[in-house]
Each structure stands twice: as structure tokens, then as C-alpha cells.
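Peer 1: okay, sequence plus prediction incoming.
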Amino acid sequence: MTQRRNVENILREIFETYSYKEIKTPIFENLSLFTTKSGNDIVNQLYNFKDKSDRDLALRPELTAPVTRLYLNSMQKNLKPIKLYYFGSCFRYERPQKGRFRQFWQFGCELIGAKSPEAEAEVIALTFDCLERLNVNAEIHINHLGIIRGIFKEFNISDEIQEQLMILIDKGDRELLNENMKNDLLSDNETLQEIILKLFDSLGDKNTLFEIEEYLKEYEQVKEPLIEFKKLIELLAIFGVNSYKVNLSVARGLDYYMGIVFEIYAKELESQKQICGGGSYQLIKLFGGEDIQSTGFAFGFDRLMMAINDLKELENTQVLVAPVYDDSRLKSYEIAQLLRRSGIKTETDLFKRKIKKIMAYANSLNVSKVILVGEKDLKERKLTVKDMGSGNQELVPIEDIVKYIKDNSSYY
RNA sequence: GCCGGGGUGGGGUAGCUUGGUUAUCCUACGGGACUGUGGAUCCUGUGACUCGGGUUCGAAUCUCGGCUCCGGCCCCA
């Protein structure tokens, strides 16, 4: 729990340096909020129920829709862009397994009112900073869905077929994709089959994008998205994002993603490797607002925790105040309170244990210093401070104790 | 929704096939050896069979069901 709290705090800090404001939305919403966004089939994967007024409600399965609703309710005329971040639990009615829980946590943000390579670059830079700061070994994979959508337009592919193809691409199984295209979906169009496989296989650094541009140069409909993508690449360098992949097979399940999309993979988590997903979307119009573009993403917090290599324990108790004999016990509590009220994480002995036991306790807690309160020193109004790392001890006047601890602590 | 494997002191486990004295060991925790000083050692103490039904003289052990956990499909906004 301490570690989760640390990560949460670090993420908050980073999001706020990008000028995002935290919001909370209710745990449950009208069921229709989610069916509007994702279709009726979604109900199978939701915790839904009726309340006493017979309203259909659902526990939220994600936070983009609730945030969009909040925007429509009360923020439509706010200064743009609107930058919001959230940390909350979500619920999905599905079989739990490794890295997948019925209740899980998402940490994410929405940048509402701007769809531009600039906004996208900033959002990706934000995820990049999070990975760096948390020491997560993961890759950011970026795609522009306009490219494949443009190709579909060039070949007059129906919405229905498009959707099936996107699902297959999203699955990431090349064989399955190939089989389905050959035998069923695109059996009469070998050129398109080839292009799709080429896109599917395109994964690499920014040069991948130039290769694709060359490969698709005869198709008018992909020119615009390619320009946007290249602009983004340029901006990522400016924003200090020096590590990412261009991956033309990143699909994201839903229709409302139009432009740049990205996912973050932590390889060592294998089938649960995706720790973050996001992109630019056009969701607000779907709910009846103005046609405003947004960009957002969310970390799967639980998976992120699994991917963090070694997070420093920041929460250790710093000091333990120990009475040497029972006669200085009360004095030790006074000293402890003095330290606590100065913001120092302090523990005492509440069990009337002997000094040996208290020292052993201090050792188990991994505190950095023990303050020994004994009658002999108290006569001189002094305390013995023992450094548990080195074993050295020093006599410190009582009135200097707070300053001494602060000056000699790695926490300040 | 489908399939598989589990649930024994706080944590980790043995025992289960072949039912039978006081349920094993490690660790953690409490006390002591050790009356102004921690990490070692020794002694000692507390503490458990997931729940319900069935079979049986007798169930941690066999059997059925529930709950729950873990994993694999499906799905994954």
C-alpha cells in the first residue's frame, strides 16, 4: 500500500507540472453513458443494476466517458484547453486473471478542446516523464489511424468490414489476420491485403514512417495523416521524448479514436504487457456536445505497479525515541511529540519493553536513528542519538534535537 | 459465459494416494538467557485444517455443493 501511495503521489506531481487539475467522478453512472459510447454488447462486461427508482445504473468500466459527461454538464464554456486528470477505481464484469481484476485502478487524463500534433506531443511527453520517473522499462508505441482509414477509403471498404479488420489488427495475430483477409474479408483484393500486412509489420523508429510514406505515395487519402504524424515526430524531439516506436499496427478497439493513438508496453509482463493506452478522440459530439476533439490516456495502475522495477521506500520511520529505563519513559513521549510536531516520522515504545527489545524493534523498522532517553544524560539536559547505519552515537542538547535530526537526515 | 488448479497458525509449508494417539517443519510474533544499547545463538510461549451437507465407529484426508483465490480461453471501451 505504501508503494502504491508513493507511485500515486509521484504521478500526481508529474501531471500537475503539466498543469492538469485533478477531478473525481462518481463510481456509478447511468448505464446509457457507456452503451452510447461502446454499444449495447458492453452490458455483458459491466456491473449494472437498477436503483429504487428503477434507473439503470452501472459501475464505471473506465473514466473517459464520465469525464466527458462532466465536461458536458459543467465545463463546456470553460477556457480551452481543459486539462483534467483522475485516479479512480473501475469495474468490469469479467473473469479475473493475471493482471486483470474486476476492480482495478486507472490513472489518466483528458486534454479537452485541442487536437493538434502539439497537444499530442505534450500528452505523450507526459507519459514519457512518468515512465522515466518511475523507472519503468517500457516502450511507447505510436500510430496514426488516419493512415489505415485513408487506405480503406481509397478502396471503398464498408464500415462493417473496416471494423472487423481493425479488430483483427488489434489482436496482433498475423496468421489470423492473413487467413481472414484471404478467405473471407478481402478475398477479391490482393493489393489491399498486401498493404494491410505491410502496415501490420511496420514497427521501428521514425524512419519507419518515411518508408511507409514512400510505400503509400500514390494514395491521396493518407497524405494528411502522414503530415500530421511527421509533425508529431518533429515535436516529440522538441518535447524531449527520445524513446518511442512507430507502430502502424496499434489499433485501439473503438471507433471514436480518429488520429494519433498510442499504447505503452512493458514487455516483461507478457500477455498483460499493455500498461497504458490513449490517443485523440471525438467523443463529445457522440454525447451531444459541440464537435470538439480531445486527447487522453490512462495508465492501468495495477499493471503499472507490476512493471515498476525498484521503487525506493520513502515512507520509513525516521526516528525511534527509546527510554533507557522505565524512569525516563514519560520524557521519551514528550520528545517524540516534539519531533512529530516538527514533521519528523517518529516511533516510540508503547509496550514498556526493555531497552534491548526496543533496539531490536528499531532495527526491524529500519529507522535511521534512535534517540536514547536516559536519566544520566537528562541531568545535563542531553539526549544520546544513535545512528543505526554506522552505530555511532552523539550527545545532543534537548533544545537542539529537532534541528539535529533534520540536519542529519537524508530526507531533508 | 467456458476450462483447469488450489484454500492447513500472521506468512510459507508437510500430511491427503492407502481415513485412526497430541497435525510437520521454516519464518514471523510474545517472553526469557542479557538491569544504558540492535542485527547472532539458545530456551520457551501463543497460534491453523475455507464453509455446509454426505459416507464412516472415526474425516485435514473420501464424496457432493457453496464461497473464495489463482491461472488459461472469450472479451478487453
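Peer 2: Here it is on my side, so go on.
Peer 1: OK, contacts around the residue nearest the centre of chain A?
Peer 2: In chain A, the C-alpha nearest the mean C-alpha coordinate belongs to A:Phe299, at 2.9 Å (CA atoms, centre = their mean). A:Phe299 makes contacts with A:11, A:106-108, A:127, A:130, A:264, A:275-276, as judged by CB atoms under 8 Å, 6 or more residues apart in numbering. Bear in mind the C-beta positions are built from the backbone N, C-alpha and C, glycine included.
Peer 1: swap the cut-off to 10 Å and go again
Peer 2: Applying CB atoms under 10 Å, 6 or more residues apart in numbering to A:Phe299 gives the contacts A:7, A:11, A:87, A:105-109, A:127, A:130-131, A:134, A:136, A:264, A:275-278, A:305, A:307.
Peer 1: kindly format the C-alpha coordinates of the helix or strand where it lies as CSV.
Peer 2: Using DSSP states H and E, A:Phe299 falls within strand A:294-300. Only the C-alpha atoms of strand A:294-300 are listed here, as CSV (Å, rounded to 0.1, in the frame of the first residue of the first chain):
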residue,chain,number,x,y,z
SER,A,294,-9.7,15.7,-27.2
THR,A,295,-6.7,13.7,-26.4
GLY,A,296,-6.3,11.5,-23.4
PHE,A,297,-4.8,8.3,-22.0
ALA,A,298,-4.9,6.2,-18.9
PHE,A,299,-2.4,4.1,-17.1
GLY,A,300,-3.7,0.7,-15.8
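Peer 1: helix or strand right after that strand?
Peer 2: The element immediately downstream of strand A:294-300 (helix or strand, assigned by DSSP H and E) is helix A:301-307.
Peer 1: can you name every helix or strand that the helix or strand just after that next one contacts?
Peer 2: Using DSSP H and E, the helix or strand that follows helix A:301-307 in sequence is strand A:319-323. With contacts taken as 3 or more CB pairs under 10 Å, 6 or more residues apart in numbering; DSSP states H and E, strand A:319-323 sits against helix A:329-340, strand A:346-348, helix A:355-365, strand A:369-373, strand A:382-387, helix A:401-407.
Peer 1: residues contacting the closest residue to A:Leu203 other than its chain neighbours?
Peer 2: Closest residue to A:Leu203 apart from its sequence neighbours, by CB to CB, 6 or more residues apart in numbering: A:Asn247 at 4.7 Å. Contact analysis of A:Asn247 by CB under 10 Å, 6+ apart lists A:139-143, A:199-200, A:202-204, A:208, A:261-263, A:265.
Peer 1: make it 8 Å
Peer 2: A:Asn247 makes contacts with A:141-143, A:202-203, as judged by CB under 8 Å, 6+ apart.
Peer 1: rewinding a little: the strand holding A:Phe299 near RNA strand B at all?
Peer 2: No: residues of strand A:294-300 are not located near RNA strand B by CB under 7 Å from any atom of the strand, the shortest gap being 9.0 Å.
Peer 1: how far does that strand sit from its chain's centre?
Peer 2: With CA atoms, centre = their mean, to the nearest Å as the basis, strand A:294-300 stands 8 Å off its chain's centre.
Peer 1: give the contact list for A:Thr384.
Peer 2: Listed by CB under 8 Å, 6+ apart, the contact set of A:Thr384 reads A:371-372, A:374, A:377, A:393-396.
Peer 1: mind redoing it with 6 Å?
Peer 2: A:372, A:377, A:393, A:395 (CB atoms under 6 Å, 6 or more residues apart in numbering).
Peer 1: gap between A:Lys231 and A:Phe210?
Peer 2: For A:Lys231, the distance to A:Phe210 equals 14 Å [CB to CB, to the nearest Å].
Peer 1: A:Ile292 and A:Leu286 touch, don't they?
Peer 2: No: the criterion here is CB atoms under 6 Å, and A:Ile292 misses it with A:Leu286 at 11.2 Å.
Peer 1: quick one: which of the two has more around it?
Peer 2: Set side by side, A:Ile292 and A:Leu286 show more neighbours around A:Ile292, with 18 against 15, by other CB atoms under 10 Å.
Peer 1: how is chain A carved up into domains?
Peer 2: By the assignment in automatic domain parsing, chain A contains the domains A:1-135+A:275-314, A:139-265, A:319-407.
Peer 1: adding mean pLDDT, write those out as a markdown table.
Peer 2: Below are the domains of chain A laid out as a markdown table (pLDDT from 0 to 100):
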| stretch | mean pLDDT |
| --- | --- |
| domain A:1-135+A:275-314 | 88 |
| domain A:139-265 | 92 |
| domain A:319-407 | 93 |
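Peer 1: what residues sit buried inside stretch A:358-370?
Peer 2: Within stretch A:358-370, the residues scored as buried using 16 or more other CB atoms under 10 Å are A:358-359, A:361-362, A:367-370.
Peer 1: same question, stretch A:209-222
Peer 2: Here stretch A:209-222 shows A:209, A:212-213, A:216, A:219, A:221-222 as buried, counting by 16+ other CB under 10 Å.
Peer 1: excluding covalently adjacent residues, which one is nearest to A:Leu134?
Peer 2: A:Ile308 (5.4 Å).
Peer 1: please report phi then psi for A:Ile23.
Peer 2: phi -130, psi 160 (degrees, to the nearest 10).
Peer 1: before we move on, back to that, just the buried members of the contacts of A:Phe299?
Peer 2: The buried subset of the contacts of A:Phe299 - by 16+ other CB under 10 Å - is A:7, A:11, A:87, A:105-109, A:127, A:130-131, A:134, A:136, A:264, A:275-278, A:305, A:307.
Peer 1: RNA strand B next: which of the contacts of A:Thr384 are close?
Peer 2: A:372, A:377, A:393.
Peer 1: among those residues, who's most crowded?
Peer 2: A:Leu372 (21 neighbours).
Peer 1: before we move on, the earlier item: mind putting the ones next to RNA strand B among the contacts of A:Thr384 in JSON lines, distance to A:Phe155 included?
Peer 2: As requested, those are exported to JSON lines (distance: CB to CB, whole Å):
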{"residue": "A:Leu372", "distance to A:Phe155": "81"}
{"residue": "A:Asp377", "distance to A:Phe155": "87"}
{"residue": "A:Gln393", "distance to A:Phe155": "80"}
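Peer 1: residues from the stretch 1-150 of chain A in reach of RNA strand B?
Peer 2: Taking CB under 7 Å from any atom of the strand as the measure of proximity, the stretch 1-150 of chain A contacts RNA strand B at A:34, A:37-38, A:42, A:45-46, A:61-62, A:64, A:92, A:94-98, A:100-101.
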